[in-house]
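[1] Sequence isn't available, so here's the structure alone:
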C-alpha cells in the first residue's frame, strides 16, 4: 500500500533576512523530490508564513495542521528537510515526534538519516540540542551587537527613520539626519498643538489630522512607499495615532532610545525642549480631563472588532452639531492606520450597547437555557483542550522516561562501571532534556489553566443571573453591573457594514446573535443562544 506523505517547511526570521523567503520554496521542492523518490503519495505541502516563524514555539498554524491531520489518520509520513526546520527546541522536537508516533506517523528528514536505534536517537537529540544552542547564541549575538552599536552612538533602525529624519550610514556608523521638508511639518504640528495657527486657540489632534489631510501633506506611510500595495487611505490622509506618537517622541528634542533598556543616543533636534514640554503638559491635562469625564461609558469597550479586518474598535466621543451634547461611537482603528480595511464607518455606541444589553436580558430571562448553554460551552472547551491534555500526558511520560534513564546512568556510575568524565557528559545531556521538558510542561499547564472552565465560574454566572433577573430595572441604571455580566459571559462582538446595513454579530460563552444596529431589531436570521457550537451560516453568505 502506498504511504501518504505531507511535506513541511519553515524558515525563521534569520533565514528571511538571508534569503528573502525563497528558502521556503526550496525546502518544499526538496521535500517533494524526496517523497516522490520514495514512492509516497503527497497529500499536502504545508509551509509556515514566509515572513519567518520561530522554531521554538508550538503556536505555528501549519505545524498544528500537520498534527491535526495526523490524529485524523490523514497520512503516514511527515517529510522535513532537516531537523531544525521542524524545531530548534529539544523538548518541542521530542514532544512533536511522540505525538506523531502515537498517531502512527513517522518523520523522515531529507538531509539526514536517523534510524530508530539508540545510536540514531542519540545522534538526533545531539543535533536538536546543537540547533537549540545555535538559536540562542544567534539571538544573543544579535541583541548584544545592537546594544553595543547603540551605546557607541549608532541609531538602529528596524525599517524606516522617524518622520522628519532620514537614516544615514557613513564610516561604519548609522545615524539620523534632519529631512528639512518633513521637519517643517513636525514643527508645524507642535506649534498648532501648543499655541495654534495664529488665528485660533491650540488645535486638537483631531483638528490637526483634518488640516494636514485637507492640505494633502504626505504621511510617513506615503514617504515609505516603494510600490503600490493595497491601502486603507489615500495619499496624504493622516491619522490620530501617528500624530499622538509624534507629539510624545523625545527624538524631536534630540534624544533617541533603543530597546527595552532605553539606551540613549544623541540625534539632531527638530524642536525646542520648551515646546515639547508644553505639548506633554497639554496631553497630560487632556488625559486628566478624560478620566474625570466618567459619563462616557462603553459596554463593549475593548471587546468589539471590525468584521472585515478583525482590528479592535476604538471609542470616540464627539460633540453634536449644536455643541450642547455629546455622542459616542465605536470606530475601526484600521481607519487610522495603514491596514487593508474599508470599514470607515462610525457606529453609534448607544445603539450597539442597547442591542447587546437586550440580548443579555434574553439570556437572563430563561435560566434553564442559560445553564444548558454553559454546559455546552464547558463540553466544547473540554474538546478544544484535548490536544493540550494529550500533550501534557506525553510530556509527563517522557519526563519519567528521561529521569529513569538518568537514574540508571547514576547507578552505573556509582557502581564504578563508567568513569566520572563520561558520567558528567551523559548527565549534562539528560539535564538539558529534563529542563527543556519541564519548561514545556509548565507552559502547557498554564495554557490549560487559562482555558479551563471552572465550576465556580459557572455558579457565579448563574447566581449573578438569578439576582439580576429580579432586579433588571435597577440594573438598567447600573453600568458596572452590566459590564460585570459582559465580562462573566465573555461577550464580544464584530461590526460590519453589509448590503447598506450596519450589523452587529454578538458572541458569548453560550451563544451567538446577529442584530441590525440601525433599527435595534433582531434579524430573523438570529442564532439561538444555546446553539453555541454551531456556526452562523446564513448571515455571511
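    Structure received. Values in this document were obtained by computation on a predicted structure and should not be read as measured data.

[2] Residue ranges of each domain in this structure, please.
    Listed by automatic domain parsing, the domain ranges of the chain are 4-139, 165-292, 294-383+454-541, 386-451.

[3] Can you flag the weakest of the ones you listed by average pLDDT?
    With a mean of 73, domain 294-383+454-541 has the lowest mean pLDDT of the domains of the chain.

[4] returning to that earlier point: distance to residue 156 and mean neighbour count added to the domains of the chain, as CSV?
    In this view, the C-beta of every residue, glycine as well, is placed from N, C-alpha and C. Below are these laid out as CSV (distance: least, C-beta to C-beta, whole Å; neighbours: other C-beta atoms under 10 Å):
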stretch, distance to residue 156, mean neighbour count
domain 4-139, 14, 18
domain 165-292, 5, 15
domain 294-383+454-541, 23, 16
domain 386-451, 30, 14
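
[5] I'd like these as CSV, with distance to residue 145 appended.
    Converted to CSV, those look like this (distance: least, C-beta to C-beta, whole Å):
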stretch, distance to residue 145
domain 4-139, 11
domain 165-292, 12
domain 294-383+454-541, 30
domain 386-451, 26
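
[6] out of the ones you listed, nearest to residue 146?
    domain 165-292 (7.1 Å; C-beta to C-beta).

[7] circling back: so which of the domains of the chain comes closest to residue 148?
    Of all the domains of the chain, domain 165-292 sits nearest to residue 148, with 9.7 Å by C-beta to C-beta.

[8] so residue 373 touches residue 510, yeah?
    Yes - applying C-beta atoms under 8 Å, one finds residue 373 in contact with residue 510, separated by 2.8 Å.

[9] Can you check which of the domains of the chain gets nearest to residue 154?
    domain 165-292 (4.6 Å).

[10] How far off centre is the closest one?
    27 Å (C-alpha atoms, centre = their mean, to the nearest Å).

[11] cool, stretch 357-376 as well?
    Going by C-alpha atoms, centre = their mean, the spacing between the C-alpha centre of stretch 357-376 and its chain's C-alpha centre is 31 Å.

[12] can you give me the end-to-end distance of it?
    Stretch 357-376 stretches 22 Å from its first residue to its last (C-alpha to C-alpha, to the nearest Å).

[13] Over to stretch 157-170?
    By C-alpha to C-alpha, the extent of stretch 157-170 from end to end equals 14 Å.

[14] Other residues contacting that stretch?
    By C-beta atoms under 8 Å, 6 or more residues apart in numbering, the residues outside stretch 157-170 that reach it are 155, 174-179, 182-183, 185-186, 219-220, 223-224, 242, 246, 249, 251-252, 256, 267-268, 270.

[15] re earlier: which among the domains of the chain is found nearest to residue 147?
    Here domain 165-292 is closest among the domains of the chain (C-beta to C-beta), at 6.4 Å.

[16] can you give me the strands for the stretch 301-450 of the chain?
    Along the stretch 301-450 of the chain, the segments classed as strands by DSSP state E, counting those that start in this stretch run 304-306, 313-319, 326-332, 346-348.

[17] angle of the third one against strand 313-319?
    This means strand 326-332. Inter-element angle recorded for strand 326-332 and strand 313-319: 150 degrees (by axes from the mean of the first three to the mean of the last three C-alpha atoms, to 10 degrees).

[18] rewinding a little: columns distance to residue 411 on top of the strands of the stretch 301-450 of the chain, output as CSV?
    Output for the strands of the stretch 301-450 of the chain, formatted as CSV (distance: least, C-beta to C-beta, whole Å):
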stretch, distance to residue 411
strand 304-306, 58
strand 313-319, 63
strand 326-332, 65
strand 346-348, 70
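
[19] wait, which of those is closest to residue 366?
    So among these, strand 304-306 is nearest, using C-beta to C-beta, at 25.4 Å.

[20] mind checking how far that closest one is from the chain centre?
    Mean-position distance between strand 304-306 and its chain equals 15 Å (C-alpha atoms, centre = their mean).

[21] who touches that strand?
    Residues contacting strand 304-306 (C-beta under 8 Å, 6+ apart): 311-313, 330, 332, 334, 341, 343, 352, 492-496.

[22] Now do whichever strand or helix holds residue 278: everything it contacts.
    Here residue 278 sits within helix 273-292, counting by DSSP states H and E. Applying C-beta under 8 Å, 6+ apart, the contact partners of helix 273-292 are 190-191, 193-194, 202, 244, 247-248, 250, 252-253.

[23] Out of these, the closest to residue 72 would be?
    Within the contacts of helix 273-292, distances to residue 72 taken as C-beta to C-beta reach their minimum at residue 244, with 48.2 Å.

[24] my guess is the closest one meets residue 205, correct?
    Yes - with contact defined as C-beta under 8 Å, residue 244 counts as touching residue 205 (6.0 Å).

[25] Please tell me I have it right and residue 76 contacts residue 105.
    Yes - if you go by C-beta under 8 Å, residue 76 and residue 105 touch, sitting 6.0 Å apart.

[26] coming back round to it: which of the contacts of stretch 157-170 fall in strands?
    174-178, 256 (DSSP state E).

[27] Widest-spaced pair of those?
    Maximum pairwise distance in these, criterion C-beta to C-beta, is 15.4 Å, between 174 and 178.

[28] was I right about residue 311 contacting residue 330?
    No - using C-beta under 8 Å as the test, residue 311 is too far from residue 330 to be in contact (11.6 Å).

[29] tell me what the strand or helix carrying residue 93 is packed against?
    Element membership of residue 93, judged by DSSP H and E, is helix 90-102. Here helix 90-102 touches helix 61-71, helix 83-86, strand 106-109, helix 118-151, helix 386-414, helix 420-451, going by 3 or more C-beta pairs under 8 Å, 6 or more residues apart in numbering; DSSP states H and E.

[30] could those go into a markdown table alongside distance to residue 359?
    Formatted as a markdown table, the helices and strands packed on helix 90-102 follow (distance: least, C-beta to C-beta, whole Å):
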| stretch | distance to residue 359 |
| --- | --- |
| helix 61-71 | 32 |
| helix 83-86 | 45 |
| strand 106-109 | 48 |
| helix 118-151 | 47 |
| helix 386-414 | 30 |
| helix 420-451 | 24 |
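
[31] and of these, who's closest to residue 100?
    When those are compared by C-beta to C-beta, helix 61-71 sits nearest residue 100, at 5.3 Å.

[32] what comes into contact with the closest one?
    Residues outside helix 61-71 that contact it (C-beta under 8 Å, 6+ apart): 6, 8, 10, 43-44, 46-49, 58, 75, 78, 86, 96, 99-100, 103-105, 387.

[33] And it, how far out from the chain middle?
    Mean C-alpha position of helix 61-71 versus that of the full chain (C-alpha atoms, centre = their mean) differs by 20 Å.

[34] i'd like the first residue to be 39 from this point on
    In the new count, where the first residue is 39, that last one comes out as helix 99-109.
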